[in-house]
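Colleague: Would you be able to build a 3D model of this:
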Amino acid sequence: MPLQLNCDLGESFGSWKMGLDEAVMPHIDQANIACGFHAGDPLIIQRTLELAKQNNVTVGAHPGYPDLVGFGRRSIKTSTAELKAMLLYQIAAMDGMAASSGLTLEYVKPHGAMYNDMMADVGLRKTIMEAIADYHRPLILMLQSTPQADLHEQEAKDAGITLWHEIFADRCYADDGKLLSRTLDGAVHCKEKMLAQVKQLQEQGTITTVNGNTLQLRADTLCVHGDNMDGVNAIQQIRQLIQ
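Modeller: Numbers count the residues shown, from 1 in each chain. Alright, predicted model coming up:
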């Protein structure tokens, strides 16, 4: 499929507002919707699904650790059984609400610390893949594109699921293909570097690391962030670049 744009959405909670979902949705292909554990609530989920429907956007579940206070950015140690149940609970809730809105849930993208833990820990990644495989119908797993994409594809094949490999438009990459830690200078690109990274990826299929090395990465979908108007404007320009 052509390169898609995805964005993490539905992350408001109660009277707390997060993101500019209404401004972002018209410009993306895939909405990763928070399932209520790290952010979101039933009414926010319902509104975000309806917004996706209005804009003909594919919807995915964006499950995380049960950590509203930490926005799901803190790792939580769980048993294998607990992690599987945690995922199935969130996916099933999003799937049911999507169906009630006339939408079909297509994929799963773990959030925050769970996403990072999945990429760093082969055992945890296997558990997440098994949980998705255990669901009553096929769903795709979205995970970070790295130089180990072939290994991840084999893991997914063994589990019986399909992958979408994700590139981050606004993040700087280390030489090993991992995202540069946010604690380091230059970890998050300014608008100009973001657009240059997207252009390079679109034209050459590569990104340039923090030390100037070139990495060939598989790209099925591109993550963009729209929690401010500069980000929304960048999304519009990114859309033009990949078209």
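Colleague: tell me which strands and helices the helix or strand bottoming out on mean pLDDT in the chain is in contact with?
Modeller: Least confident helix or strand, the chain: helix 229-242 with a mean of 83, by mean pLDDT, DSSP states H and E. Packing partners of helix 229-242 (3 or more C-beta pairs under 8 Å, 6 or more residues apart in numbering; DSSP states H and E): strand 4-9, helix 21-24, helix 191-204. Backbone N, C-alpha and C define where each C-beta goes, glycine included.
Colleague: what do you get if the cut-off is 6 Å, keeping everything else the same?
Modeller: helix 191-204 (3 or more C-beta pairs under 6 Å, 6 or more residues apart in numbering; DSSP states H and E).
Colleague: Can you name the residues that contact I242?
Modeller: L3, Q202 (C-beta atoms under 6 Å, 6 or more residues apart in numbering).
Colleague: if you set the cut-off to 10 Å instead, what comes out?
Modeller: Taking C-beta atoms under 10 Å, 6 or more residues apart in numbering, we find I242 in contact with P2, L3, Q4, L5, D29, A169, V198, K199, L201, Q202, A219, L222.
Colleague: Pretty sure G60 is one of the things Q90 touches, is it not?
Modeller: No. At 11.5 Å, Q90 does not count as touching G60 under the criterion of C-beta atoms under 10 Å.
Colleague: what do those two both touch?
Modeller: Here Q90 and G60 have V108 as joint contacts, going by C-beta under 10 Å, 6+ apart.
Colleague: remind me which residues of this structure are low pLDDT?
Modeller: 227-228 (pLDDT under 70).
Colleague: which of the contacts of I242 count as buried?
Modeller: Neighbour-count burial (16 or more other C-beta atoms under 10 Å) applied to these gives L3, Q4, L5, D29, A169, V198, L201, A219, L222.
Colleague: Would you check which pair of those residues lies furthest apart?
Modeller: Spatially, the most separated pair among the buried ones among the contacts of I242 is D29 and L201, at 15.7 Å (C-beta to C-beta).
Colleague: With distance to F13 added, can I get the buried ones among the contacts of I242 in a markdown table?
Modeller: Output for those, formatted as a markdown table (distance: C-beta to C-beta, whole Å):
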| residue | distance to F13 |
| --- | --- |
| L3 | 31 |
| Q4 | 27 |
| L5 | 24 |
| D29 | 25 |
| A169 | 25 |
| V198 | 30 |
| L201 | 33 |
| A219 | 31 |
| L222 | 26 |
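Colleague: Among those residues, which one lies nearest to G102?
Modeller: Among the buried ones among the contacts of I242, and counting by C-beta to C-beta, the member closest to G102 is D29, at 18.2 Å.
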